[in-house]
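Asker: Show me how the following folds:
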Amino acid sequence: MAETILNEVNVANMFDLRGVVAVVTGGGSGIGLMMSTTLISNGATVYAIGPVQADLDRISKTYNEAAEKTGKLGRMYGIEGDIRKKSEAKRLAAEISKRTPYVTVLFNNAGIIAGAFERPTQTSAEAFQAAYFNDLEEEQFDNVMHTNATGPYWMTFAFLPLLEKWKELGFTATGGKKFVPQVVMTSSMNGWTKDPATAGFSFPYLYSKSAIGHATSTLAHELLPLGVRVNGIAPGVFLTEMSAPGSTDSLGQSHFKAYETLGLKVPCTQPPTTDGERPVPAGSKTDMGALVLFLVSNWFVNGETVLIDGGTLLVHPSSF
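Answerer: Numbering: from 1, shown residues only. Alright, predicted model coming up:
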């Protein structure tokens, strides 16, 4: 009947995440918090992984209390962990398996940036070596690569059994095969940019995001026999503690205003929140939330990375 069709495509039904269990690395801050709050607001249970348990407990308590007051069914739970390490990925999967029989979506989102440089003012090998090489420590490069690129590999395979369990147990729990298991990688527009200005002038960050951008489609290909999808999100500028240090409040919301210091062009801007303010050249929590809901709910996308950069790579040279 026509009424049934209209009901099936109603936004409240398409994005009803009751029964969904998500794991979000870096889920207590920045883009990860945008993901976590979207998920719990629509009924999902979220396990947010981060480096400091006290911080995770505080942010989880804040948003769980808000969810309860507003009648939202989702909840967030913080688990401290170091996703750079294979042993930690195994431990985290084991710990979460004690709390839930399955996982619907793993968001490999955690990321860091380090090793920024200033472009040389002289055209000589010595000047370029000084800018790009001399002060860049191996430990910085390794830490960024392990956090942003290697860690998601360990996490993906450590959580495969829980993702596979969703096909058996989760479908039953939610009353039908509404969602399919998935891994979502947070890469970046910087995985495709040719201009380091779009990446905070950090080559470790550029290298790591290039790696995870390509790994998304490779892992999607390899996991086809299991029926576990792998997709990616490639953000441009979102105002977080990484892009705008010192600008976030106790709710994890940024109050950054010095947009001219970002040093890159963002053609699509957000409308100002109050009269007299300038348009905001950065993505919002609703932009990220809408993309998260799309990826969780859509069966028919696999091996793709969605660029959400406000048109930045239309004006900066890139290979996307």
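Asker: List the residues that contact residue 201.
Answerer: When the contact criterion is C-beta atoms under 8 Å, 6 or more residues apart in numbering, the partners of residue 201 are 116, 117, 118, 119. No exception for glycine: its C-beta is placed from N, CA and C like everyone else's.
Asker: And the strands in this structure?
Answerer: 21-25, 45-50, 75-80, 105-108, 182-186, 229-235, 305-308 (DSSP state E).
Asker: got those strands as CSV, with distance to residue 150, mean pLDDT and mean neighbour count columns?
Answerer: Formatted as CSV, the entries for these read as follows, by distance: least, C-beta to C-beta, whole Å; pLDDT from 0 to 100; neighbours: other C-beta atoms under 10 Å:
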stretch, distance to residue 150, mean pLDDT, mean neighbour count
strand 21-25, 13, 98, 27
strand 45-50, 15, 98, 26
strand 75-80, 19, 98, 20
strand 105-108, 11, 98, 30
strand 182-186, 13, 98, 26
strand 229-235, 16, 97, 25
strand 305-308, 18, 97, 20
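Asker: and these as TSV, adding distance to residue 277?
Answerer: TSV is the format used below for these (distance: least, C-beta to C-beta, whole Å):
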stretch	distance to residue 277
strand 21-25	30
strand 45-50	31
strand 75-80	31
strand 105-108	31
strand 182-186	28
strand 229-235	23
strand 305-308	23
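Asker: Is it possible to mark the buried ones in the contacts of residue 201?
Answerer: When burial is judged by neighbour count using 16 or more other C-beta atoms under 10 Å, the buried members of those are 116, 117.
Asker: Kindly state the pLDDT recorded for residue 320?
Answerer: In this prediction, residue 320 carries a pLDDT score of 84.
Asker: so what's it closest to, chain neighbours aside?
Answerer: Counting by C-beta to C-beta, 6 or more residues apart in numbering, residue 192 is the residue found nearest to residue 320 once chain neighbours are left out, at 3.8 Å.
Asker: What of residue 120?
Answerer: Leaving aside its sequence neighbours, residue 120 sits nearest to residue 127 (C-beta to C-beta, 6+ apart; 3.8 Å).
Asker: Tell me if I'm right that the one you found and residue 121 touch.
Answerer: Yes. Taking contacts as C-beta atoms under 8 Å, residue 127 lies within contact range of residue 121: 7.2 Å.
Asker: More neighbours: which of those two?
Answerer: Neighbours around residue 127 and residue 121, counted as other C-beta atoms under 10 Å, are more numerous at residue 127. The numbers are 13 against 7.
Asker: Next, work out how far apart that one and residue 135 are.
Answerer: According to C-beta to C-beta, to the nearest Å, residue 127 and residue 135 sit 13 Å apart.
Asker: again, but for residue 263
Answerer: Counting by C-beta to C-beta, the separation of residue 263 from residue 135 is 20 Å.
Asker: residues contacting the closest residue to residue 247 other than its chain neighbours?
Answerer: Closest residue in space to residue 247, ignoring its immediate chain neighbours: residue 256 at 3.9 Å, by C-beta to C-beta, 6+ apart. For residue 256, the contacting residues are 239, 243, 244, 247, 282, by C-beta under 8 Å, 6+ apart.
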